[in-house]
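A.B. asks: Quick one, structure for this:
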Amino acid sequence: MPIAHPVLATHGGKFHCDEVFAYAVLRLALGLSQPGLDHTLLRTRRPELIEQADIVWDVGSVFDQERGRFDHHQRGAPLRADGTPYSSAGLIWRVYGERAVGALLRAAGAEGFSAAIAAELDGGLVRRIDEIDNGVSASGPVKRDSHGLAALIDEFNPCWDDPAANGPAAGDDAFLEAAAFAGAVLGRRVETLRARHAAEAAVLAAHERSEDPRLLILETGMPWKNAVFTHELPVLFAVSPASNGNWMLDTVPPEPGSFEQRLALPEAWAGLQAEELARESGVADAVFVHVRRFVGAAKSRGGAVALARKALAGAEAVVQA
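C.D. replies: Residues are numbered from 1 along each chain as shown. So this is what the prediction gives:
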């Protein structure tokens, strides 16, 4: 049963990315807003205060998730499967990450993506926080990025000559600012992944509806190539609307990042536009075909689909000949 007004504790003084990020995750997962309003935040190293807290992370020398203890500095602290030590961010994420992601996805009704997105974030963003905080990586020496999240969080700490750097509440306000920043970064990352998963689901559904598995027709512009490669779809052409009102006809490269095409648009169309392309292709509202034959357009959905089908038919005729 949720605690009505939980007491959350981490260490005081200078803060780092792992405990800041962990606090942002806890607030999301537990549905908390501001300290003092619906929870108490203690930044302290006093054992008697730490002992009374409901959830403690990055301090206390104890890991016991049943008791809400998530420190990683002591001997015997948890390791990832490959031996990478957890930071407090990783330990908190193991328990609360999926719930935090679900909270971010709730407004869009996309909680179904929570598990997949939480796992992906754990393998990327959260793991990186663990590696930098511990200075250990299974892939080799850890190098800090001066523009990465950990470095940006560090810059929220008061400077040495700032009065806020001293005293019993040193850095407390800055910690909350840093947590708000970390929460915003997490929110944007989750939204990006949500959109990618939603696009993948839409692409798979559109392909399932297609009369020709080689032709993907999307009623809304979206990233589609990742789904084609991930699910090994036999797509040769994709049709989708562009922001300028035209409908695009895209070819598919043989592999991600390639400048080649599984099937290029007809050579006779290369570099043609408007009336000239309409005469050559037989599609009245054809707009253009790139000289490199990897993309084209028509003014209507029907026109773009017609271009795609003519290109497919032309390729079949060449094979049969």
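
A.B. asks: And for the nearest residue to Ala298 once chain neighbours are set aside, the neighbour number?
C.D. replies: Using Cβ to Cβ, 6 or more residues apart in numbering and skipping residues adjacent in sequence, the residue nearest Ala298 is Ala304, 4.3 Å away. For the C-beta atoms, the positions are set from N, CA and C on the backbone; glycine is no exception. For Ala304, the count of nearby residues is 29 (other Cβ atoms under 10 Å).

A.B. asks: Measure how far the helix or strand Ala304 falls within is from the centre of its chain, please.
C.D. replies: Per DSSP states H and E, Ala304 falls inside helix 301-320. Relative to its chain's centre, helix 301-320 lies at 36 Å (Cα atoms, centre = their mean, to the nearest Å).

A.B. asks: Packing partners of it?
C.D. replies: strand 215-217, strand 237-241, strand 247-251, strand 286-289, strand 295-298 (3 or more Cβ pairs under 8 Å, 6 or more residues apart in numbering; DSSP states H and E).

A.B. asks: picking up where we left off before, measure the residue nearest to Ala298 to Ala311 for me?
C.D. replies: Using Cβ to Cβ, to the nearest Å, one gets 11 Å for the distance from Ala304 to Ala311.

A.B. asks: Over to Ala170?
C.D. replies: 67 Å.

A.B. asks: between the two, which one's more packed in?
C.D. replies: Ala311 (25 against 19).

A.B. asks: In contact with the more buried one, which residues?
C.D. replies: Going by Cβ atoms under 8 Å, 6 or more residues apart in numbering, Ala311 touches Phe237, Leu263, Leu265, Pro266.

A.B. asks: just Gly303 next, same as before
C.D. replies: Per Cβ under 8 Å, 6+ apart, neighbours of Gly303: Trp247, Val283, Ala284, Asp285, Ala286.

A.B. asks: what about stretch 38-48, distance to the chain center?
C.D. replies: 32 Å.

A.B. asks: repeat for stretch 24-39
C.D. replies: 23 Å.

A.B. asks: That stretch: end-to-end distance?
C.D. replies: Distance across stretch 24-39, first residue to last, is 13 Å (Cα to Cα, to the nearest Å).

A.B. asks: again with stretch 11-20
C.D. replies: 11 Å.

A.B. asks: so who does Ile55 touch?
C.D. replies: Pro6, Val7, Leu8, Ala9, Leu26, Gly68, Phe70.

A.B. asks: what about Ala110, how many neighbours?
C.D. replies: So Ala110, with other Cβ under 10 Å, has 21 neighbours.

A.B. asks: do Asp172 as well
C.D. replies: Residues near Asp172, counting by other Cβ under 10 Å: 17.

A.B. asks: which residues in this structure form strands?
C.D. replies: 7-10, 40-43, 55-57, 63-64, 69-70, 215-217, 237-241, 247-251, 286-289, 295-298 (DSSP state E).

A.B. asks: Out of those, which is closest to Ala119?
C.D. replies: strand 69-70 (19.2 Å; Cβ to Cβ).

A.B. asks: If you count residues, where's the longest helix of this protein?
C.D. replies: helix 172-209 (DSSP state H).

A.B. asks: Distance of the closest residue to Lys14 other than its chain neighbours relative to Asp172?
C.D. replies: Leaving aside its chain neighbours, Lys14 sits nearest to Asn157 (5.4 Å; criterion: Cβ to Cβ, 6+ apart). Here the criterion is Cβ to Cβ. By it, Asn157 lies 11 Å from Asp172.
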